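Participant: structure for this input, please:
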Amino acid sequence: MTLIVAACASTEAPRPKVAAPRPAADKALLARGEALAALGNCRTCHTLPDGKSYAGGVPFKTAFGTVYSTNITPDVESGIGAWTEAEFIRAMREGVDREGHNLYPVFPYDHFTHVTDDDDRAIYAYLMSRTPVKARHPHNELVFPVNIRASMSVWKKLYFKPGPHQDDPARSRAYNRGAYLVDGLGHCGGCHTPRNAAGAEVPGRELDGGEAEGWHAYAINARSQAPTPWTEATLTAYLKHGWQADHGVSRGPMAPVTDELGDVPEEDLRAIATYLVTLMGSRAAEPAPAAAQAAPSEGAAIYAGACAQCHDGTQPLPFGGIALPQSIGVSGESPRNLFNVILYGLPPAEGEAAPMMPAFEGALDDRQLTQLAAWLRVRFSRREPWTEAQLEHELREARRKGGEGARYPAGGNAIDPAKGS
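Facilitator: Next comes the predicted model:
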């Protein structure tokens, strides 16, 4: 989630708002800033469905309440039009607003602190070149004491480690570029790292897997359970197109990430892939499990009637369902995403040829859903079966969250099967 998500209203007298000088309209700088903003997923986090780009108002539900993203268009009164370049860079680097008040870490300054001044300047120039939009949004709805801005000073002292990214001199240029983008603007750990009770990423468990908007963000390090190992080529294609034949389609809150990454230079996507594939390590693809592993059950009957026609592997992605032995939804560490997809489906991208899946929320009851998920796990993966308690808990959570991330369409970009990935 990107750019500036402000804290609750301050009791201090606000500074006068006067339009800040606009950076020179250098085409190369603006193009670079646009690509960097896409890497940071800024448009998604600051644009309501059917709203004006970057005008804010997107609600982010946390364990401590709801935070609304701010208007980051150059409107002077309701946006960042009064922000100077130095104030913008300080917000990115230190997590404070133009008056020095702490920002909530829903704005991931714990990652953005690693971004270089030059990249921050490019993003600032791009945002200040957008059309100003007057847009005010609800106050954040947070519990005590988190609703007191000063409480963030304690959080920052405990969990915020500011400072620039440090390259590893023993690694390649592509690896270091990928590490910079993943740890910085990409803020991948914001979703893919588990969090503690204070909402901070758990040290030492970077990219081990986490939660985001009611979905499970899979481990993207050596703990990855992708049944087909990622390669630089397949991960680059997935990030660019929002799908890849061996790994399926992006869904939930990952779908808008790949939507924006489709506009990023491929060199940067390859660098991200280089870094992550290095973390995941090399291993052989897992052989398909034998059919005899899964005894006939109600889950098998449901699969035959509702799923097999799309997932039998005869119609390739993106227009057929992924062959389930290749699905991390079945082989991954949590059944949450599998339940989300079955319950709420995958809406297609509007006006584009894109993957989709119907929702079965009203067609299957809880017993049928757990039976189906349990059978899929045994039939199509080589992992340990999910326990009954795990299945019941994750199904409850999927229903309780109501498919929050399901508002995003599956995949992210227009797909031309003739071009491949």
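Participant: which helix or strand contains Asp118?
Facilitator: helix 117-128 (DSSP states H and E).
Participant: please read the previous query as pertaining to Glu260.
Facilitator: In the assignment (DSSP H and E), Glu260 maps to helix 254-261.
Participant: tell me which other helices or strands that helix touches.
Facilitator: Packing partners of helix 254-261 (3 or more CB pairs under 8 Å, 6 or more residues apart in numbering; DSSP states H and E): helix 27-39, helix 42-45, helix 232-241. Just so you know, the C-beta spots here come from the backbone N, C-alpha and C atoms, and that holds for glycine as well.
Participant: these into a markdown table, with extra columns for mean neighbour count?
Facilitator: Output for the helices and strands packed on helix 254-261, formatted as a markdown table (neighbours: other CB atoms under 10 Å):
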| stretch | mean neighbour count |
| --- | --- |
| helix 27-39 | 19 |
| helix 42-45 | 22 |
| helix 232-241 | 21 |
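Participant: of all these, which lies closest to Asp183?
Facilitator: Nearest of the helices and strands packed on helix 254-261 to Asp183, taken as CB to CB: helix 27-39 at 12.0 Å.
Participant: average pLDDT across the helix holding Glu260?
Facilitator: In this model, helix 254-261 carries a mean pLDDT of 93.
Participant: distance from the chain centre to it, please.
Facilitator: 7 Å (CA atoms, centre = their mean, to the nearest Å).
Participant: next, the angle from that helix to helix 232-241.
Facilitator: 90 degrees (axes from the mean of the first three to the mean of the last three CA atoms, to 10 degrees).
Participant: who touches the most centrally placed residue in the chain in this structure?
Facilitator: In the chain, the residue lying closest to the centroid (CA atoms, centre = their mean) is Met254, at 4.3 Å. Each residue near Met254 by CB atoms under 8 Å, 6 or more residues apart in numbering is listed here: 215, 217.
Participant: now the closest residue to Trp83 other than its chain neighbours: how far from Arg90?
Facilitator: Nearest residue to Trp83, sequence neighbours excluded (CB to CB, 6 or more residues apart in numbering): Arg98, at 5.3 Å. Going from Arg98 to Arg90 by CB to CB, to the nearest Å gives 8 Å.
Participant: pLDDT below threshold where in the stretch 201-350 of the chain?
Facilitator: Residue ranges of the stretch 201-350 of the chain with pLDDT under 70: 285-286, 288-296, 313, 317-319, 348-350.
Participant: show me where the stretch 301-421 of the chain has helices.
Facilitator: Along the stretch 301-421 of the chain, the stretches classed as helices by DSSP state H, counting those that start in this stretch are 308-311, 328-331, 336-344, 366-380, 388-401.
Participant: in the helix or strand containing Arg270, which residues are buried?
Facilitator: For Arg270, the element it lies in under DSSP H and E is helix 266-280. By neighbour count on 16 or more other CB atoms under 10 Å, the buried set for helix 266-280 is 268-280.
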